[in-house]
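K.L.:
model the following, please.
(2 chains)
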Amino acid sequence: MTAEPTTEGFTRILVATDFSPTSEGAWLVARRLAKRLGAEVVVLHVLVEAPLFSEGPFTMKHARNVFEAARAWVEKTLGEWAATATTGGVPARWTVRTGVPYKEIVTAAESERPDLIVMGTQGRGGLDRALLGSVAEKVIRLAPCPVLTVRETG
Amino acid sequence: MYKHILIPTDGSALSEVAVRQGIALAKSLGAATTAITVTPTFRTLAVEPMVLTDTAEQYEKDCKALAAKYLGGAMAAATAAGVPYTGLHVVHDSPYEAIIEAAKKNHCDLIVMASHGRKGVAALVLGSETTKVLTHSKIPVLVCR
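P.N.:
Numbering: from 1, shown residues only, chains lettered A, B, ... in the order given. Presented below is the predicted three-dimensional model:
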């Protein structure tokens, strides 16, 4: 499948994940699409380093430990995801950024130049079923390419 | 993967982009396409100038002609690409509801639509119907811009 010439330029798909069930659905959809279209996938997670407050002199050090542990877990997990996809015939890479999720997704899209972004709506930031995920809504507005939003797993 | 793609169009330039993209994607995936255009119901008080000036019969005729024109482009593109195509003209006051209903009724598994239609004002604001479809659709939505 991967050797097949691609049609109408879907050669790179960027998937943003926050590890919520809907974003796992987005990852599944992206891999299936990539397989059919002969595209590569780039899976992205944005680390949010929110200020952590505690008492005592080691606050910053403790906070850094938490952030480093999170980063290590994310890098390991995405590495495994990418390896599984690549083994399954879909060339995959992963990338981790730090900052405000919607901004980092748009920035990643600007540098990776995907032909499509796939992401879940109603991620962990979702307030209510009737509301569109605010991250997805901002990404759709600002992204340089089409955005596919997936609501339910699968 | 996706087997039946619903492509809403209002004949605007951007929705033509969505039509092209949706049909191209359908071709790559071996999916069928249904293009849908929604026109408002006749009323004596409305913002659409066409509604004010015409009789119900004339209005219906004009809407049909307009829908045929909008869907004609999609049909031509689908035929050229060799993609199965159905055109759908729905009279409904709320385009997003009509779109979601049509998607359910026709068992569509993906909606491909433009970020704005005719009413889209600025590039940084999402079109109202697109936002509503995104909010209420359980089916995945691919937004083109």
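
K.L.:
what comes up buried for the helix or strand where A:Thr107 lies?
P.N.:
Per DSSP states H and E, A:Thr107 falls inside helix A:101-112. Going by neighbour count (16 or more other CB atoms under 10 Å in any protein chain shown), the buried part of helix A:101-112 is A:Pro101, A:Tyr102, A:Glu104, A:Ile105, A:Val106, A:Ala108, A:Ala109, A:Glu112. Heads up, the C-betas are built off the backbone N, CA and C, glycines and all.

K.L.:
the residue lying closest to B:Ala35 once chain neighbours are set aside: neighbour count?
P.N.:
In space, and not counting its chain neighbours, B:Ala35 is closest to B:Ala74: 3.7 Å by CB to CB, 6 or more residues apart in numbering or on different chains. Neighbour count for B:Ala74, taken as other CB atoms under 10 Å in any protein chain shown: 27.

K.L.:
relative to chain A, how far out is B:Ala74?
P.N.:
According to CB to the nearest CB, to the nearest Å, B:Ala74 and chain A sit 16 Å apart.

K.L.:
with adjacent residues omitted, what lies nearest to B:Cys63?
P.N.:
Here the residue nearest B:Cys63, using CB to CB, 6+ apart, is B:Thr39, at 4.1 Å.

K.L.:
quick one, what contacts that neighbour?
P.N.:
B:Cys63, B:Leu66, B:Ala67, B:His89, B:Val90, B:Val91, B:His92 (CB atoms under 8 Å, 6 or more residues apart in numbering or on different chains).

K.L.:
repeat that with 7 Å
P.N.:
By CB atoms under 7 Å, 6 or more residues apart in numbering or on different chains, B:Thr39 lies in contact with B:Cys63, B:Leu66, B:Ala67, B:Val91.

K.L.:
could you pull out the strands for chain B?
P.N.:
B:4-8, B:32-39, B:85-91, B:110-114, B:141-144 (DSSP state E).

K.L.:
tally of neighbours for whichever residue of chain B sits closest to chain A?
P.N.:
Per CB to the nearest CB, B:Ala24 is where chain B lies closest to chain A, at 3.5 Å. Look at B:Ala24: counted by other CB under 10 Å, it has 18 neighbours.

K.L.:
could you do A:Val100 as well?
P.N.:
Neighbour count of A:Val100, defined by other CB under 10 Å: 14.

K.L.:
so what's it scoring on pLDDT?
P.N.:
Note on A:Val100: pLDDT of 92.

K.L.:
now it. Its backbone dihedrals?
P.N.:
phi -80, psi 120 (degrees, to the nearest 10).

K.L.:
could you measure from it over to A:Thr107?
P.N.:
Using CB to CB, to the nearest Å, A:Val100 is found at 10 Å from A:Thr107.

K.L.:
just the buried subset of the contacts of B:Thr39, please.
P.N.:
By neighbour count, with 16+ other CB under 10 Å, the contacts of B:Thr39 hold B:Cys63, B:Leu66, B:Ala67 as buried.

K.L.:
from memory B:Lys27 sits against B:Ala80, does it?
P.N.:
No - counting by CB atoms under 7 Å, B:Ala80 is not a contact partner of B:Lys27; they are 10.0 Å apart.

K.L.:
if we can go back for a sec, of the contacts of B:Thr39, just say which sits nearest to A:Val29.
P.N.:
B:Ala67 (31.5 Å; CB to CB).

K.L.:
so who does the closest one touch?
P.N.:
B:Thr37, B:Thr39, B:His89.
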